[in-house]
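Peer 1: take this sequence and fold it.
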Amino acid sequence: MHGNGAIVHSDRGSQYTRDDFRRAVTELGVTPSMNSAAGRCHDSAKCESMWARAKVKKSYRFDTSKMPMELVKRMVFRYFMGYWNNRRICTANGGFPPAMKRAQYFAGILVAA
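Peer 2: Next comes the predicted model:
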């Protein structure tokens with residue numbers, strides 16, 4: 001399985017800067033992306049918030065250590081693609097789910113072209 005253009009965002013923690021992690025990411029075809037300067041916690045704040053909410057809603061409610069990995073992957077995919085992107089109301093963009101706001105944006109670009 002390869003990353004197919006996937007990007008892994010992280011801070012500059014020791015687990016992400018280790019040679020074995022960087023090598024594994026490269027072998028999987030995933031592009032590493034770190035915050036721009038050590039100690040700038042706000043660079044990844046939105047991503048950290050997103051994962052924290054997902055953990056509260058899903059992984060903390062189930063003992064995922066006893067679940068097959070394919071089931072855990074399916075649960076994460078369904079949460080983000082089914083709920084987070086398509087049904088969650090986002091107050092920062094006028095109250096639309098992210099996928100709807102993205103569709104409106106691209107429709108506007110097509111009209112302008």
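
Peer 1: please report how far residue 18 lies from residue 32.
Peer 2: Residue 18 is 12 Å from residue 32, where distance means CB to CB, to the nearest Å. Every C-beta, even on glycine, is put in place using the N, C-alpha and C of the backbone.

Peer 1: nearest residue to the most centrally placed residue in the chain other than its sequence neighbours?
Peer 2: The centroid of the chain falls nearest to residue 47 when counting by CA atoms, centre = their mean (6.5 Å). Leaving aside its chain neighbours, residue 47 sits nearest to residue 9 (5.6 Å; criterion: CB to CB, 6 or more residues apart in numbering).

Peer 1: mind giving me the domain split of the protein?
Peer 2: Taking automatic domain parsing as the criterion, the chain consists of the domains 1-39, 45-113.

Peer 1: check whether residue 8 really touches residue 30, as I assumed.
Peer 2: Yes. The criterion here is CB atoms under 8 Å, and residue 8 meets it with residue 30 at 5.3 Å.
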